[in-house]
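Chemist: Provided below are the primary sequence and the corresponding predicted coordinates.
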Amino acid sequence: MRPVTDQTRLREMDDAAHLVRTGLKRLRAAADVDDVQALADVLRLTHDHHDREAGVLHALAALLGTVWTRLAEIGEEHTDQAADRLMPAVFWIEDEAGDRIDRVRETLAQANGTGSTTSVDWEA
């Protein structure tokens, strides 16, 4: 197995970020409709308090949480300071943003009279 060079690692990170952006573009395209159920489904895929690990926000919070952990483990003054600045963002993503999305989904579900939202058929 060949060692991972900085250039290889950077290329792999660029490729991964490209995949994320492509997926988010698909979600934005799915949200560009006047269909309230489709909009609720996009929100569910962004954050679902019933299945937090499936949501985009959780994935982003997990990524930043990993960076935060590694910065803190390095333990130098500047990395500790950076970790301290990053930590609130990690928690805000799921706690604050996620809670707001949950409330929007609840409002849409109540207006729809269903009390819940179903998943969108991406192949249709």
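Modeler: Received, thanks.

Chemist: Could you tell me the phi and psi values at Asp34?
Modeler: The phi and psi values for Asp34, taken as degrees, to the nearest 10, are phi -100, psi 20.

Chemist: give me the number of residues near it?
Modeler: Asp34: 6 surrounding residues under other CB atoms under 10 Å. From N, CA and C alone the C-beta is placed, and that goes for glycine too.

Chemist: Tell me the spacing between it and Asp41.
Modeler: Relative to Asp41, Asp34 is positioned 14 Å away (CB to CB, to the nearest Å).

Chemist: Next: Thr5.
Modeler: Distance from Thr5 to Asp41, counting by CB to CB: 41 Å.

Chemist: Neighbour count for these two, which is higher?
Modeler: Comparing Thr5 with Asp41 by other CB under 10 Å, the one with more neighbours is Asp41, at 21 against 9.

Chemist: residue contacts, Ala61?
Modeler: For Ala61, the contacting residues are Val90, Phe91, Ile93, Glu94, by CB atoms under 8 Å, 6 or more residues apart in numbering.
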